[in-house]
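Novice: Turn this into a model:
(2 chains)
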Amino acid sequence: MIGLNDYLILAAILFAIGVTGVLTRRNAIVIFMSIELMLNSVNLTFVAFAHFMNSLDGQIFVFFIMTVAAAEVAVGLAIIISIFRNKKTVNVDDMNIMKW
Amino acid sequence: MQLDMTITSYDFSMIWPQIAVVVFLLAGLLVDLLDKRGETTTIGIFSIFGMIVAGAFTIGLWNSAATVFDGMIIVDNYSLVFNLIFILGFILTALISIRSLPREGYNYSEYYILLMGATLGMMIMASAGNLLTVFIGIETLSISLYVLAGFARKREESNEAALKYLLLGAFSTGFLLYGIALIYGTTGTTDLTGIRDFFILSQSGPSIVLIAGVMLLLAGLMFKVSLVPFHMWAPDLYQGAPTPVAAFMSTGAKAAAFAVLFRVLVTALPAMIEYWRPVLYVIAILTMTIGNITAISQQNIKRMLAFSSIAHAGYLVIAILAFNQLGATAIMYYLLVYTLMNLGAFGVLAAMRRKNQANETLASFAGLANRAPFYAAMMAVFMLSLAGIPPMAGFIGKFMIFSAAIKEYSAGQSDMLPLVIIAVTNAVVSVFFYLRVVVVMYMNEPEQDLDSEPVNLAAGLSLIISAAGIFFLGIVPSYALDFIQNAILNLPK
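Specialist: Numbers count the residues shown, from 1 in each chain, chains lettered A, B, ... in the order given. The predicted model follows:
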């Protein structure tokens, strides 16, 4: 029997993988994918809680997160494309015009 | 499990300001067709008109305390005052932009549409009664701002600012959401008052998971307010983004984030005060000190204003820490004043900008008093107000925050005194870099001969409104304070 804790631990692991990805990867698109992983682990947490608490609020929250994540991806990819047109790279280490 | 929610026309009658913004936003897409591509004056004026309508609706709702849409939206004077601050911020930004957009060569009408979308997000944030609406508001604001930050898409600085803001913003959203998920899991609700009731009913203290959830939620919100150590995006963003956008982000977006942070702390988490208070205490000290010290070494005025805005957020956290009536009043008054003076300062920068010349370094301001006496005088007013010199309103704002903290100190909170001492020291340090701009404008000779600056009508109007507001709020603050005192949240003390 898979219990609530199993889902929560899986979600926490996924979230940690996402955070690690954001912090260690250098390609803007891969960073973006890692952020999506973080958001989806949150979704898993919400759905697990909602299921085991017999409450709908969490399920509805997930729909909003998915919608917002989709909007964020649309804008994010557009920004990455406009950067690629100007700089021919999407490596975040090259984004260094502005410094201290 | 079933959904039990009824929506009546009463619910809709309470969100007329937000509805007005949406209607004008959508109508704006059509009005856009009247203009030729590359002209935006009509849509600019149209959007300002729309915001004035939204402001009229906001004033019409005054004193109507209501919780609508099943607790999702709270309409009270607190949210209405913030609505007015956002509308003021929008109008001043739009007035600056009317001239600045064609000059910088990105004259597209989507600009005003997105600006209205961002304002809508702020309004939702200020009246959020549920963590779901907090999230929706923040994202409506943020996604509009991601695009606006990169609006000058041919400029690499703008691209870079947009990407940094986007990646860090989305990253922080992840933490915010994970925090909300953990709070939902432990308290069983995302409703702000529901969370408060959970603490009242629960016998034992908060569990580890709940504490973690609250801290993650606060980290997400602190990122939006740009408190140290979550501030690294702000200077790059303000420097790279188009100047009017930076002005809007550093005032309206910050006010909205503070509105939501304060409401969450007061409405949902007063029982957790022993957990979040020490965290905010340390963060307030770090934010003020790092913001001010870093601002000293900046040669770029836009970047200096970014660090100064971080430091001002630090002062505002003191008002939250005081957690009394005076502090609650100070937050709103200070954010109103801060909106005026920071938008003014950025407005001067936007007016100075040419297509191929940024004109935002300290050196390029040398001798501005001869070249553009109006802009120089305005910049001096805003700088003196930011520094907190009477009779400008910035002084009254700082004074109120510090007296709120001292009041708590006399009431027995002994740790408030060091905080106030550090804050006052910081305020003194900050006078140096604000006055330096004034000195450079009035005392130094320009490095090269530049043409004199003709004053633009719309931008000049925006600056005059800001400056008049600063003097009005500074010399006779009682009018605004009477207004604001009816609007503060009830503090559970």
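Novice: residues in contact with the most centrally placed residue in chain B?
Specialist: Taking CA atoms, centre = their mean, the centroid of chain B lies closest to residue B:254, which sits 2.4 Å from it. Shown in contact with residue B:254 (CB atoms under 8 Å, 6 or more residues apart in numbering or on different chains): B:225, B:226, B:309, B:313, B:335, B:338. Glycine gets a C-beta too; all of them are placed from N, C-alpha and C.
Novice: Which ones among the residues you listed lie within helices?
Specialist: Per DSSP state H, helices hold the following members of those: B:225, B:309, B:313, B:335, B:338.
Novice: still on that earlier bit, can I get the contacts of residue B:254 in JSON lines with distance to chain A, neighbour count and pLDDT?
Specialist: Below are the contacts of residue B:254 laid out as JSON lines (distance: CB to the nearest CB, whole Å; neighbours: other CB atoms under 10 Å in any protein chain shown; pLDDT from 0 to 100):
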{"residue": "B:225", "distance to chain A": "20", "neighbour count": "24", "pLDDT": "93"}
{"residue": "B:226", "distance to chain A": "15", "neighbour count": "25", "pLDDT": "92"}
{"residue": "B:309", "distance to chain A": "16", "neighbour count": "26", "pLDDT": "95"}
{"residue": "B:313", "distance to chain A": "19", "neighbour count": "26", "pLDDT": "95"}
{"residue": "B:335", "distance to chain A": "26", "neighbour count": "26", "pLDDT": "96"}
{"residue": "B:338", "distance to chain A": "24", "neighbour count": "26", "pLDDT": "96"}
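Novice: Where is the longest helix in chain A?
Specialist: helix A:57-87.
Novice: could you say what helices and strands it packs with?
Specialist: Taking 3 or more CB pairs under 8 Å, 6 or more residues apart in numbering or on different chains; DSSP states H and E as contact, the helices and strands that helix A:57-87 lies on are helix A:28-53, helix B:131-149, helix B:156-187.
Novice: Run through who's touching stretch B:200-211.
Specialist: Applying CB under 8 Å, 6+ apart, the contact partners of stretch B:200-211 are B:182, B:183, B:185, B:186, B:187, B:199, B:214, B:271, B:272, B:275.
Novice: Show the end-to-end separation of it, please.
Specialist: 16 Å (CA to CA, to the nearest Å).
Novice: roughly how far is it from the heart of the chain?
Specialist: Here stretch B:200-211 is found 32 Å from its chain centre; the criterion is CA atoms, centre = their mean, to the nearest Å.
Novice: Can you give me the buried ones in it?
Specialist: B:206, B:210, B:211 (16 or more other CB atoms under 10 Å in any protein chain shown).
Novice: what separates the first one from residue B:215, distance-wise?
Specialist: Spelled out, that is residue B:206. With distances taken as CB to CB, to the nearest Å, residue B:206 is found 11 Å from residue B:215.
Novice: Check the contact lists of those two and give me the overlap.
Specialist: residue B:275.
Novice: of the buried residues of stretch B:200-211, closest to residue B:21?
Specialist: For the buried residues of stretch B:200-211, the closest approach to residue B:21 (CB to CB) belongs to residue B:210, at 35.4 Å.
Novice: That closest one belongs to a strand?
Specialist: No: counting by DSSP: H, G, I helix; E, B strand; the rest coil, residue B:210 falls outside a strand, being helix.
Novice: Can you tell me, leaving aside adjacent residues, what's nearest to residue 34?
Specialist: Went with chain A since none was named. residue A:21 (3.0 Å; CB to CB, 6 or more residues apart in numbering or on different chains).
Novice: Hmm, no, I was thinking of chain B.
Specialist: Nearest to residue B:34 is residue B:42, by CB to CB, 6+ apart, at 5.7 Å.
Novice: list the contacts for the one you found?
Specialist: Counted by CB under 8 Å, 6+ apart, residue B:42 has contacts B:31, B:34, B:35.
Novice: how many neighbours does residue B:296 have?
Specialist: By the criterion of other CB atoms under 10 Å in any protein chain shown, residue B:296 has 13 neighbours.
Novice: typed the wrong thing, it's residue B:12
Specialist: Quick note: residue B:12 (other CB under 10 Å) scores 13 neighbours.
Novice: Next one: it relative to chain A, how far apart?
Specialist: 20 Å (CB to the nearest CB, to the nearest Å).
Novice: same question for the helix or strand harbouring that residue, mean pLDDT?
Specialist: Assigned by DSSP states H and E, residue B:12 belongs to helix B:9-13. In this model, helix B:9-13 carries a mean pLDDT of 91.
Novice: Between which two of the contacts of residue B:254 is the distance greatest?
Specialist: B:226 and B:335, at 14.0 Å, using CB to CB across the contacts of residue B:254.
Novice: Next, the angle from the helix or strand harbouring the residue nearest to the centre of chain B to helix B:131-149.
Specialist: In this assignment (DSSP H and E), residue B:254 forms part of helix B:254-263. If you take axes from the mean of the first three to the mean of the last three CA atoms, to 10 degrees, helix B:254-263 sits at 160 degrees to helix B:131-149.
Novice: Low-confidence ranges, chain B, go.
Specialist: For chain B, the stretches with pLDDT under 70 are B:1-4, B:37-38, B:355-358, B:447-453, B:493.
Novice: How about the helix holding residue B:12, which residues are buried there?
Specialist: residue B:11.
Novice: Output the contacting helices and strands for the helix or strand following it.
Specialist: Counting by DSSP H and E, the element after helix B:9-13 in chain order, helix or strand, is helix B:16-31. If you count contacts as 3+ CB pairs under 8 Å, 6+ apart, helix B:16-31 packs onto helix B:41-60, helix B:110-126.
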